[in-house]
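Student: Sequence and computational prediction follow.
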Amino acid sequence: QAEDGIRDYKVTGVQTCALPILGYRHPLWAYYDRDGCITIRNNSLGFRDDEFPVQKPPGEWRAIALGDSFTYGMGVQAKDNWPTVLERSLAAHRGGPVQVINAGMACGNGARSAAEYAPWLAREGMAFAPDLVILGFCLNDVSDDVPMLSYVPAKYEPVLWGISRLLDSAVFLRRMHAARAADRRPALDAILDSPAAKARWQAVQEGLRAIAATCASAKVPFVVAVFPMISQLDGPYPYERIHAMVGEFCKREGIRCVDLLPAFRGRTDESLWVHGTDQHPNDVGHRWMADGIFAFLREQQLLPAAGR
């Protein structure tokens, strides 16, 4: 689809993820191959992860990362998604075997929020004997109508038949800055105050309570990590209300919660997108997410004991 810069991914492995498998024309980042593709491979259990047994091996420390496409790592290589980056940091800290199971988009068809993750965790997830459960909370968990981009995006169009990737990128970024300056944001308050969004948020709260209860009964710590939308990070960020909703709920319920917005504030949006047409976080964004979660685990004394 030359009009929006999207192209096919290379797909390998036993299963593929539930969302459309997409790649990008004129990619900017070095982790793409020369065709603008990344490799998608799910293991035999259906996770975008390496192969591992259901039964935890002796001496291994395990975590389960629940989430949607932000956790699955749409638009980045598997080695660059935040659960895998976090796994490397935890293993280096521990000096022993660590497995962070990437359960992003793996909790059932259409499962994209705590309301759907909760029954999967109780029914199947706890069989992996996790030592920690982390939920990557994307802001559109509260409503499908919450957009990833808070202004009307410019259209990605190659210049002079796409003879120069640098020229294409420069022109596109100028168009994006102009679109942002126009400030044609959707009315997020109207979205959040709609009956549908209120019902969805209620279901998400019940899901978070259910996950917390499942973890508490197994004496497993539970952490919610709130991811920002990569939109107007260097300006009047319009999603503050959702961050506050999640943070206040978790505080009332006694659920550990880390808001990762401060690590992203002041950054240029486009430098963190996987592509000009896709506002999922790139490898840099995933690294910041993983680093923020690791720092929070250290603060909460939830890191695995070193030297074991």
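Tutor: Thanks, I have the structure now. Numbering: from 1, shown residues only.
Student: which of the residues in stretch 234-244 are buried?
Tutor: Y237, P238, Y239, I242, H243 (16 or more other Cβ atoms under 10 Å). C-beta: built from backbone N, CA, C; applies to glycine.
Student: again, but for stretch 74-90
Tutor: 74-78, 80-87, 89-90.
Student: Helices - which of those land there?
Tutor: W82, P83, T84, V85, L86, E87, S89, L90 (DSSP state H).
Student: ok, these vs N109, which is closest?
Tutor: P83 (20.8 Å; Cβ to Cβ).
Student: OK, contacts around that closest one?
Tutor: Neighbouring residues of P83 by Cβ atoms under 8 Å, 6 or more residues apart in numbering: D49, A63, A65, T71, G73, V100, I101, N102, G104, A290.
Student: returning to that earlier point: what I need now is the buried residues of stretch 234-244 written out in JSON lines, including distance to E124, secondary structure and pLDDT for each item.
Tutor: Formatted as JSON lines, the buried residues of stretch 234-244 follow (distance: Cβ to Cβ, whole Å; DSSP: H, G, I helix; E, B strand; the rest coil; pLDDT from 0 to 100):
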{"residue": "Y237", "distance to E124": "36", "secondary structure": "coil", "pLDDT": "91"}
{"residue": "P238", "distance to E124": "37", "secondary structure": "coil", "pLDDT": "90"}
{"residue": "Y239", "distance to E124": "32", "secondary structure": "coil", "pLDDT": "94"}
{"residue": "I242", "distance to E124": "29", "secondary structure": "helix", "pLDDT": "97"}
{"residue": "H243", "distance to E124": "30", "secondary structure": "helix", "pLDDT": "98"}
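Student: Of those residues, just say which sits nearest to R123.
Tutor: Nearest member of those to R123, counting by Cβ to Cβ, is I242, at 28.4 Å.
Student: who are the neighbours in contact with the closest one?
Tutor: The contact partners of I242, taken as Cβ under 8 Å, 6+ apart, are L139, V142, V146, L188, L192.
Student: Does the lengthiest helix in the chain pack against any helices or strands, and if so which?
Tutor: In the chain, with assignment by DSSP H, the single longest helix is helix 195-217. Packed against helix 195-217 by the contact rule (3 or more Cβ pairs under 8 Å, 6 or more residues apart in numbering; DSSP states H and E) you find helix 114-123, strand 132-138, helix 188-192, strand 222-227, helix 240-253.
Student: That one relative to strand 222-227, how many degrees between them?
Tutor: If you take axes from the mean of the first three to the mean of the last three Cα atoms, to 10 degrees, helix 195-217 sits at 140 degrees to strand 222-227.
Student: on that earlier part again, ok, which of the helices and strands packed on helix 195-217 comes nearest I211?
Tutor: Nearest of the helices and strands packed on helix 195-217 to I211, taken as Cβ to Cβ: helix 114-123 at 4.9 Å.
Student: List the contacts of the closest one.
Tutor: Identification of contacts with helix 114-123 by Cβ under 8 Å, 6+ apart yields 64, 66, 103, 107-108, 110-111, 133, 135, 137, 141, 200, 203-208, 210-211, 214.
Student: now the stretch 51-200 of the chain, which segments are flagged as low pLDDT?
Tutor: For the stretch 51-200 of the chain, the stretches with pLDDT under 70 are 152-186.
Student: Swap in 90 and give it another go.
Tutor: 109-110, 149-188 (pLDDT under 90).
Student: What lies in contact with stretch 265-273?
Tutor: 173, 176, 180, 230-234, 237, 264, 276, 279-282, 284-285.
Student: In three-state terms, label the residue sitting nearest the centre point of the chain for me.
Tutor: Per Cα atoms, centre = their mean, the C-alpha nearest to the average position across the chain is that of F70, at 1.9 Å. Put simply, F70 is helix when judged by DSSP: H, G, I helix; E, B strand; the rest coil.
Student: Just confirm H93 contacts P304, I think it does.
Tutor: Yes - between H93 and P304 there is a contact under Cβ atoms under 8 Å: 7.1 Å.
Student: Neighbour count: those two, which is higher?
Tutor: P304 (21 against 17; other Cβ atoms under 10 Å).
Student: Enumerate every residue touching the more buried one.
Tutor: W61, L90, H93, R94, G96, V98, D131.
Student: One more: I211?
Tutor: Applying Cβ under 8 Å, 6+ apart, the residues near I211 are L66, A114, Y117, A118, L121, V133, L135, F222.
Student: Need those in CSV (columns: distance to T39).
Tutor: Output for the contacts of I211, formatted as CSV (distance: Cβ to Cβ, whole Å):
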residue, distance to T39
L66, 23
A114, 29
Y117, 26
A118, 31
L121, 28
V133, 28
L135, 26
F222, 32
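Student: Specify which member of these is nearest to R34.
Tutor: Nearest to R34 among those, with distances taken as Cβ to Cβ, is L66, at 34.2 Å.
Student: Right, I'll call it a day here.
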